[in-house]
Every structure is written in C-alpha cells, then in structure tokens.
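**Q** Generate coordinates for the sequence data below:
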Amino acid sequence: MAFRSRSIHWSLRLGQTAFGLIVAGLAILGTALFSRPSPSTVDRIEQLTPLSRAELLAAPAASDVLIEGRISDRNEVLGHGFVAYTRDHGVPDIRNDTVWRTDEYATPALVVAMADGPITVAGNYRLSGNLPVIVEGDYRYTGLAVGDQVMVIGRPAFGNIAEQIHSASIILGSHASYPRPGINPLPLIFALGLIAVGGGIMAWLLRRGYRPFGNPQTGR
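**A** Residues are numbered from 1 along each chain as shown. Alright, predicted model coming up:
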C-alpha cells in the first residue's frame, strides 16, 4: 500500500511562523523588563538614603546605613598616592594572556570628612567603583586617595573614643552621580518589532479568511 504525504497549506506555515515570532518577541520582552541581577552594590545604593553625621549617630547599631563624604587628609598615604588599595599580581596563562589575582589588601581604618564632621570607617572593607589603576611591572594597584568623594555602606558602631562605622564597602563616587544600569532599548525595540510583524501576519491571514491553526491541508 502506498502512502502519500499530505502537504501543509502555505497559510498554516505562515501562521506558525507568525506565532513563533510573537512568542520569541514576548520572551525577549519579558527578559528585558523583568529579569534582575542578583543583589549588587547598585541595589544597595538605591535602597539606602545618605545620612548626615548627626543622623548616623542616632541610627541603630544593627541597621545598614549609607554615608557620603571625602577621604580626609588626616589619613596616612600608604604608597602610589593611595590611602587604601588592593594589589593584583599578573601571571600569564596558557595563551600568554595576563591573568590578575589579588594578593594584597591594604584597607586600614579611614577618616571620612562629612559636611557636619568626620566619621572613622573601621578597617577590612571592600573597595568598589571606578577606581584609578596604577600598573607597576607585574603588579596592578587600585585604590582611594585623599580628597576622593566616596560612599560608605556599613553599620554604625560607636566606641568611647570616636564614632565609627563598620563598613562592608567603600565606593568611589556620590549617591547622586553613581551610574545606575538602565534598560537597554535595543532588545525592547527588537522584541516589539517581532511581535508587530507576527501580529500583522496573523491579522492579514484572518482578514483573508484563513485560519492559521486550522486544517493543515487548507488552512481554512
């Protein structure tokens, strides 16, 4: 017995293509609008409002806070003009490309000058932001210098001698000017274009009396 394959009507193929375009557009649109990276420095900056020195002194010791100020000239310069830095050692990989590995942290207690007085930042913090870089031989230094505008995120801890903040991170920059990642318009435009093309094809088929998901031989 001979079997003859049935051909699929062109309108059905076109309808399936249109449906695929719409689904792909919706997937790209959802990813662009609703996918969020894991909590990051930017997320924490957006969640916290900068406190004045007086507000910091009144804040609960267990609460996360953010302050702004400048690196005071009362801090000791350690080297390369930095008062705090990390050092990376560059080693070649199998392709002879340089791979940087952090081998030294210099993060002493720092005095941050705020508008209404100084605050001491306890040591052992993380440096972030668009930090300046100095390369010296096989070593690379990134750090902070006197006068740098910084944000400090941490928790207040007040002793008998000086007000301190135990810091998780010191970020180069200010709360107002720190770059926030915006939504990339290109994926949105591309996704909307796919949806528009797919929807237009579907509408054209329906206007001509075809059923894009109907009978596979006639499409009607």
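
**Q** For the residue nearest to residue 174 when sequence neighbours are not counted, give the beta-bridge partners.
**A** Spatially, and ignoring its direct neighbours in sequence, residue 174 is nearest to residue 149 (5.3 Å; CB to CB, 6 or more residues apart in numbering). For the C-beta atoms, the positions are set from N, CA and C on the backbone; glycine is no exception. As for beta bridges, residue 149 partners with residue 70 under DSSP bridges.

**Q** Quick check, pLDDT for residue 149.
**A** Turning to residue 149, the model gives it a pLDDT of 94.

**Q** How about residue 162?
**A** In this model, residue 162 is scored at 55, pLDDT.

**Q** Tell me which other helices or strands the helix or strand of the chain with the lowest mean pLDDT touches.
**A** Least confident element among the helices and strands of the chain, by mean pLDDT, DSSP states H and E: helix 41-47 (a mean of 76). Helices and strands touching helix 41-47, by 3 or more CB pairs under 8 Å, 6 or more residues apart in numbering; DSSP states H and E, are strand 149-158, strand 163-172.

**Q** Only C-alpha atoms, please: export the helix or strand hosting residue 195 in PDB.
**A** With the criterion set as DSSP states H and E, the secondary-structure element containing residue 195 is helix 185-207. As requested, the backbone C-alpha atoms of helix 185-207 are provided in PDB (Å, rounded to 0.1, in the frame of the first residue of the first chain):
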ATOM      1  CA  PRO A 185      16.300  49.900  24.400                       C
ATOM      2  CA  LEU A 186      17.600  47.700  21.600                       C
ATOM      3  CA  PRO A 187      16.200  44.400  22.900                       C
ATOM      4  CA  LEU A 188      12.900  46.200  23.600                       C
ATOM      5  CA  ILE A 189      12.700  47.600  20.000                       C
ATOM      6  CA  PHE A 190      13.700  44.200  18.600                       C
ATOM      7  CA  ALA A 191      11.000  42.400  20.700                       C
ATOM      8  CA  LEU A 192       8.300  44.800  19.800                       C
ATOM      9  CA  GLY A 193       9.200  44.500  16.100                       C
ATOM     10  CA  LEU A 194       8.900  40.700  16.300                       C
ATOM     11  CA  ILE A 195       5.500  41.000  18.000                       C
ATOM     12  CA  ALA A 196       4.300  43.600  15.500                       C
ATOM     13  CA  VAL A 197       5.400  41.500  12.500                       C
ATOM     14  CA  GLY A 198       3.900  38.300  13.900                       C
ATOM     15  CA  GLY A 199       0.700  40.100  14.800                       C
ATOM     16  CA  GLY A 200       0.400  41.800  11.400                       C
ATOM     17  CA  ILE A 201       0.800  38.400   9.600                       C
ATOM     18  CA  MET A 202      -1.900  36.900  11.800                       C
ATOM     19  CA  ALA A 203      -4.300  39.800  11.200                       C
ATOM     20  CA  TRP A 204      -3.700  39.600   7.400                       C
ATOM     21  CA  LEU A 205      -4.400  35.900   7.300                       C
ATOM     22  CA  LEU A 206      -7.600  36.300   9.400                       C
ATOM     23  CA  ARG A 207      -8.800  39.200   7.200                       C
END
